[in-house]
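Visitor: Provide a 3D model corresponding to the input given below.
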Amino acid sequence: PSPGWLAVPVGSSAMHLRHPLALVSACGYPEFTNYVGGFAGSLDYIWCDSSALASVASMPMPPLESVTAETALPNSEFPSDHLPMVADLRFVH
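Guide: Numbering: from 1, shown residues only. You can find the predicted model right below:
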């Protein structure tokens, strides 16, 4: 294991995991990345360690109106039930 990583058992079937990374979402924290019957929320992120990488740009998420124009995702405009996330990153050092 790498230094700083820690796994602590919690009961017989779970663990608390800790790491030294300063994780941030390269695309921010969108209101939704998934829209299906009965659920609209964020399930997808591009995580990066802010001590090594910085987000330079990210593709904007489509407006909720265009995603909800049909019953759910996937639909005729969005071919997956998850919306694409794209980020340009640069090394900070």
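Visitor: CA only for contacts and neighbour counts going forward, please
Guide: Will do.
Visitor: For stretch 38-45, give me every contacting residue.
Guide: The contact list for stretch 38-45 (CA atoms under 8 Å, 6 or more residues apart in numbering) reads 25-27, 29-35, 82, 85.
Visitor: Take those and keep only those in helices.
Guide: When the contacts of stretch 38-45 are checked against helices using DSSP state H, none is located there.
Visitor: Drop anything exposed from these.
Guide: 25-27, 32-35, 82, 85 (16 or more other CA atoms under 10 Å).
Visitor: can you redo those residues as CSV with pLDDT and distance to Met15?
Guide: Formatted as CSV, the buried ones among the contacts of stretch 38-45 follow (pLDDT from 0 to 100; distance: CA to CA, whole Å):
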residue, pLDDT, distance to Met15
Ser25, 97, 23
Ala26, 97, 26
Cys27, 97, 28
Phe32, 94, 28
Thr33, 96, 27
Asn34, 96, 27
Tyr35, 94, 30
His82, 96, 28
Met85, 96, 29
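Visitor: So which of these is the closest to Pro9?
Guide: Nearest to Pro9, judged by CA to CA, of these is Ser25 at 27.1 Å.
Visitor: Would you mind listing the residues in contact with that closest one?
Guide: Counting by CA under 8 Å, 6+ apart, Ser25 has contacts 45-48.
Visitor: returning to what we had before: looking at the contacts of stretch 38-45, which one is closest to Glu70?
Guide: So of the contacts of stretch 38-45, ranked by how close each gets to Glu70 (CA to CA), first place is Tyr35, at 10.4 Å.
Visitor: Understood, closing this out.
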